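1. Coordinates only, no sequence provided:
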């Protein structure tokens, strides 16, 4: 059988298992105790999103929380937007100057941790919004299920066509490629861990036991690295489907999404050149090859093509259904794969040339490895 068809069959099997593992938080939690939760929000040049985020967090019905926002030397109106909120649970701090060996978000999160007092630490991005009850439901999962760290995939809002061609690839890759069950079987398989920095909830002792953001201070993809550290240490971790209680619009349009994803795609592979080159070639191959097979005169080639194309449509439909993506996203899957392949190669180029930047800050060049 053709390689593309075989890979799609692997994905279908992986997706079937992930579908069962990828559960939603309990809808009607009954908490006997309400441990103090510190909701920690780093904000740099987030004038268009921080208001929605704060409004959603302060509207939570959870009775024992503090909300700390760090204004990370924003050059826009972020501070003015935050200043409109007056709530005894809200604390606003100004970020200190960024040390040379830290990335901006990790430094901001470290400062937020130092300013917090909660038994539970919840890191969310400034473009994330919580529906009422989200905090109670996720705290219930953390405490009642005995987890030390939970993360999840929220509903990714992609209102523009350009965002539909870029952002959904993240949901697709986590849901159809990573065999989540392997990391559950053994902590020694921590390399299969995934997490999402839009929502990361820790028990405070667990966060401190892995060294927190200080341990990953120079990492661009800090969420996945923290999840790997947690599993490697033997902590109890879980990835949830948060589509019904959390939403996020990561980027505003195609260009913003392209550059934002290009910042992180190469670091996902820990700057390993050969694996990264192969994976992004393979994504492009999956997008184009099955359609080329349809032009062949060999009937078996047509069978392989149909398996790959129909299988991919099923994978994308399952991803959209499970993670709350718009219904039409699966129809664009070949273009999504191609676009993200280009983003992947752009990420390699940016990191090789030291041109990676985000939010007005140039990211430090990391050591490149072949394998």
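-> Nice, I can see it. Because the structure is predicted, anything quoted here is derived from the model rather than measured. Numbering: from 1, shown residues only.

2. how about low-confidence regions in the stretch 251-371 of the chain?
-> 364-366 (pLDDT under 70).

3. which residue ranges form the strands in it?
-> 357-358, 361-362 (DSSP state E, counting those that start in this stretch).

4. Same question for the stretch 51-200 of the chain.
-> 65-71, 90-94, 120-124, 128-130, 149-156, 199-203.

5. State the mean pLDDT of the shortest one.
-> It stands for strand 128-130. Averaged over strand 128-130, pLDDT sits at 97.

6. So which elements touch it?
-> helix 50-58, strand 237-248 (3 or more C-beta pairs under 8 Å, 6 or more residues apart in numbering; DSSP states H and E). For every residue, glycine as well, the C-beta is placed using N, CA and C.

7. Most tightly packed of these?
-> Highest mean neighbour count among the helices and strands packed on strand 128-130 (mean count of other C-beta atoms under 10 Å): strand 237-248, with a mean of 22.

8. rewinding a little: packed most tightly, which of the strands of the stretch 251-371 of the chain would that be?
-> strand 357-358 (a mean of 15).

9. what separates that one from the chain centre, distance-wise?
-> In this view, strand 357-358 has its centroid 17 Å away from the chain centroid, taken as C-alpha atoms, centre = their mean, to the nearest Å.

10. In its sheet, which strands sit next to that strand, and in what direction?
-> strand 361-362 (antiparallel) (DSSP bridges).

11. What's the end-to-end length of stretch 12-30?
-> 36 Å (C-alpha to C-alpha, to the nearest Å).

12. Could you pull out the buried residues of that stretch?
-> Neighbour counts over stretch 12-30 (16 or more other C-beta atoms under 10 Å) mark 12, 14-15, 18-19, 22, 25 as buried.

13. Now go through these and say which are in helices.
-> 12, 14-15, 18-19 (DSSP state H).

14. circling back: now the helices and strands packed on strand 128-130 in CSV, with mean pLDDT and distance to residue 352?
-> Shown next, in CSV, are these (pLDDT from 0 to 100; distance: least, C-beta to C-beta, whole Å):
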stretch, mean pLDDT, distance to residue 352
helix 50-58, 97, 34
strand 237-248, 96, 30
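
15. Output these in CSV, with distance to residue 165 appended to each entry.
-> CSV is the format used below for the helices and strands packed on strand 128-130 (distance: least, C-beta to C-beta, whole Å):
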stretch, distance to residue 165
helix 50-58, 24
strand 237-248, 17
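
16. Hmm, which of the buried residues of stretch 12-30 is lowest in pLDDT?
-> Lowest pLDDT among the buried residues of stretch 12-30: residue 22, 91.

17. Tell me who's in contact with it.
-> 153, 175, 180, 239-241, 322 (C-beta atoms under 8 Å, 6 or more residues apart in numbering).

18. between those, which is nearest residue 5?
-> Distance to residue 5 across these (C-beta to C-beta) is lowest for residue 175, with 19.7 Å.

19. quick one: contacts for the closest one?
-> 15, 18, 22, 153, 318-319, 322-323.

20. For stretch 17-33, what is the distance to the chain centroid?
-> Distance, centroid of stretch 17-33 to centroid of chain: 19 Å (C-alpha atoms, centre = their mean).

21. Also stretch 297-308?
-> 35 Å.

22. number of nearby residues for residue 300?
-> 11 (other C-beta atoms under 10 Å).

23. actually residue 350, not the one I typed
-> For residue 350, using other C-beta under 10 Å, the count is 19.

24. that older thread, possible to save the contacts of residue 175 as a markdown table with distance to residue 194?
-> Shown next, in a markdown table, are these (distance: C-beta to C-beta, whole Å):
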| residue | distance to residue 194 |
| --- | --- |
| 15 | 14 |
| 18 | 10 |
| 22 | 11 |
| 153 | 9 |
| 318 | 17 |
| 319 | 14 |
| 322 | 15 |
| 323 | 13 |
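
25. which one of the helices and strands packed on strand 128-130 lies closest to residue 265?
-> strand 237-248 (18.4 Å).

26. elements contacting the closest one?
-> So strand 237-248, by 3+ C-beta pairs under 8 Å, 6+ apart, packs with strand 128-130, helix 134-144, strand 149-156, helix 222-232, helix 299-323.

27. To residue 271, which of those lies closest?
-> Short answer: helix 222-232, nearest of those by C-beta to C-beta, at 12.4 Å.

28. and the angle for the closest one with strand 199-203?
-> 30 degrees (axes from the mean of the first three to the mean of the last three C-alpha atoms, to 10 degrees).

29. Excluding its own residues, what touches helix 222-232? List them.
-> By C-beta under 8 Å, 6+ apart, helix 222-232 touches 103, 105-106, 109, 148-149, 151, 183, 187-188, 190-191, 193-197, 200, 206, 210-211, 213, 215-216, 219, 237, 268.

30. Name only those of those that count as buried.
-> Counted by 16+ other C-beta under 10 Å, the contacts of helix 222-232 give 103, 105-106, 109, 148-149, 151, 183, 187, 190, 193-197, 200, 206, 210, 213, 216, 219, 237, 268 as buried.

31. Just to be sure, which of those are found in helices?
-> Per DSSP H, these map to helices at 105-106, 109, 183, 206, 213, 268.

32. okay, which residue of this structure is out on the far edge from center?
-> residue 297 (42.8 Å; C-alpha atoms, centre = their mean).

33. Got the phi and psi for it?
-> phi -90, psi 0 (degrees, to the nearest 10).

34. Residue 290: what's it in contact with?
-> Contacts of residue 290 (C-beta under 8 Å, 6+ apart): 4-5, 304-305, 308-309, 312.

35. Run a quick neighbour tally on the residue lying closest to it once chain neighbours are set aside.
-> Spatial nearest neighbour of residue 290, chain neighbours left out: residue 308 (3.7 Å); criterion: C-beta to C-beta, 6 or more residues apart in numbering. Around residue 308 there are 24 other residues, counting by other C-beta under 10 Å.
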